[in-house]
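*Asks:* what's the 3D shape of this:
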Amino acid sequence: MRNISKLLCFIVFLVVLGCNQKDSSKNQETILKGSAIIYVDETLTPIIEDQVAVFESNYDAKIKLVSKSESETVNSLFKQKGSIAILSRDLTSEELKVFKQRNINPKVTPFATDAIAFISNKNTKDSIVELKDVISFMQGKATPSIKGLVFDNLNSSTVRYINEIAGIKSVPEKGVFSFKTNDEVIKYVSENDGIIGVIGVNWLSQPKPSMKKYIDNVNTLRVKDLKGSQSYLPTQNDIAEKKYPLARDLYIINCQGYSGLGMGFASFVGGDIGQRIILKSGLLPIRIPTRNFIITKSQNDEN
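*Replies:* From the prediction side, this is the model:
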């Protein structure tokens, strides 16, 4: 009996010690110091890697990025694997209800606008794809202008986005293929004629050195909107003027519930330095960074 009591006391001690260590690590983290894990939609990885690199160089912080599909990224929040996520959409009302039930009030920070791009092999003669044809193809209708579509992942934000536009819940069984990453899509399209790849435009503007030869062998297709009158490229200008039909806003979802790195990183990305990084990447920042000009008088003006 005495041994059982000692064992119970030891178990209680371990539990209390574990809780104290958890609280201690939380207390050691501030908005600009400590360590954190951020789950990121894989289609957005390049721009977030840039942000993290600069953030870590400026502050005493260590951020581990975990790139997953959109579905896996959202599930990481629900399963409490992580408390910070980067998504190409806001949380839905149903998702917010789940957090509310847990007494969590997610802080959502919009920070940029990017786009979904269609790419083809350079041997393909067509330089324009009509959005109405993409929709028809995704609905399983015969579409002579499209032989096949290649996505990065069936659980990705690109698939979800195109499905929503097409008004479908799942992709057709024929003509739609998927890999695991955007790089794999680019490589496949660069080596195969007649196939259209569907990727996040950030992977084209910020390719890895090892991907340059594949990027050089693909074209970014102009997209003709549903009105059918004009076609546009996913450039900063066309996105800013709301002409490109496949633009999407990007968000930082912070569910930490305290003043930690989630708050600090969101403020950094939404601030002047973070917005300049986005502008340089080819995406559209949520606010255009200001530029200061110093006007000096010449000697002739003084005379």
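
*Asks:* average pLDDT for the strand ranked longest in the chain?
*Replies:* Looking across the chain with DSSP state E, the single longest strand is strand 107-121. Mean per-residue pLDDT for strand 107-121: 96.

*Asks:* buried sites along that strand?
*Replies:* T109, F111, A112, T113, D114, A115, I116, A117, F118, I119, S120, N121 (16 or more other Cβ atoms under 10 Å). All C-beta spots, glycine's among them, are computed from the backbone N, C-alpha and C.

*Asks:* Next secondary structure after that strand?
*Replies:* Next along the chain after strand 107-121, taking DSSP states H and E as the criterion, comes strand 128-130.

*Asks:* Now that following strand: average pLDDT?
*Replies:* Averaged across strand 128-130, pLDDT comes to 95.

*Asks:* Can you give me the neighbour number for the residue nearest to P106 when sequence neighbours are not counted?
*Replies:* Closest residue to P106 apart from its sequence neighbours, by Cβ to Cβ, 6 or more residues apart in numbering: C255 at 4.9 Å. The local packing of C255 (other Cβ atoms under 10 Å) involves 20 other residues.

*Asks:* just G82 next, same as before
*Replies:* Number of residues near G82 (other Cβ under 10 Å) recorded here: 22.

*Asks:* ok, now V176?
*Replies:* Residues lying near V176 (other Cβ under 10 Å) number 19.

*Asks:* what pairs with it across the strands?
*Replies:* L149 (DSSP bridges).

*Asks:* how close does it sit to D60?
*Replies:* 46 Å (Cβ to Cβ, to the nearest Å).

*Asks:* got it, and T113?
*Replies:* Distance, T113 to D60, using Cβ to Cβ: 31 Å.

*Asks:* can you pull out the strands in the stretch 101-250 of the chain?
*Replies:* In the stretch 101-250 of the chain, strands defined by DSSP state E, counting those that start in this stretch lie at 107-121, 128-130, 149-151, 176-178, 196-200, 218-220, 222-224, 231-232, 247-254, listed in chain order.

*Asks:* follow-up on the earlier one: make sure the residue nearest to P106 is actually in contact with L87.
*Replies:* No: using Cβ atoms under 8 Å, C255 makes no contact with L87, being 12.0 Å away.

*Asks:* contacting residues around P106?
*Replies:* Applying Cβ atoms under 8 Å, 6 or more residues apart in numbering, we find P106 in contact with L91, L96, F99, I253, N254, C255.

*Asks:* pLDDT check: weakest of those residues?
*Replies:* Here the lowest pLDDT out of those sits on F99, with 91.

*Asks:* neighbouring contacts of stretch 80-97?
*Replies:* Contacts for stretch 80-97 (Cβ under 8 Å, 6+ apart): 36-41, 43-44, 48, 66, 70, 73-78, 99, 106, 108, 110, 114, 157, 160-161, 200, 248-257, 261-262, 265.

*Asks:* One more pass at 6 Å, please.
*Replies:* Here stretch 80-97 makes contact (Cβ atoms under 6 Å, 6 or more residues apart in numbering) with 37-41, 44, 48, 73, 76-77, 108, 157, 248, 250-256, 262.

*Asks:* what about P209, distance to V108?
*Replies:* Using Cβ to Cβ, P209 is found at 34 Å from V108.

*Asks:* Name the nearest residue to the residue sitting nearest the centre point of the chain, sequence neighbours excluded.
*Replies:* For the chain, L44 is the residue whose C-alpha lies nearest the centre (Cα atoms, centre = their mean; 3.0 Å). In space, and not counting its chain neighbours, L44 is closest to I86: 5.7 Å by Cβ to Cβ, 6+ apart.

*Asks:* Return the backbone torsion pair for that neighbour.
*Replies:* phi -120, psi 120 (degrees, to the nearest 10).

*Asks:* Same check on I37?
*Replies:* Main-chain dihedrals, I37, degrees, to the nearest 10: phi -110, psi 130.

*Asks:* hmm, back to that, the residue nearest to L44 - how many residues pack around it?
*Replies:* 25.

*Asks:* try Q101
*Replies:* 8.

*Asks:* Report pLDDT for it.
*Replies:* Predicted confidence (pLDDT) for Q101: 92.

*Asks:* still on that earlier bit, just so I know, which of the strands of the stretch 101-250 of the chain lies nearest I288?
*Replies:* Among the strands of the stretch 101-250 of the chain, strand 107-121 comes nearest to I288, with 11.5 Å by Cβ to Cβ.
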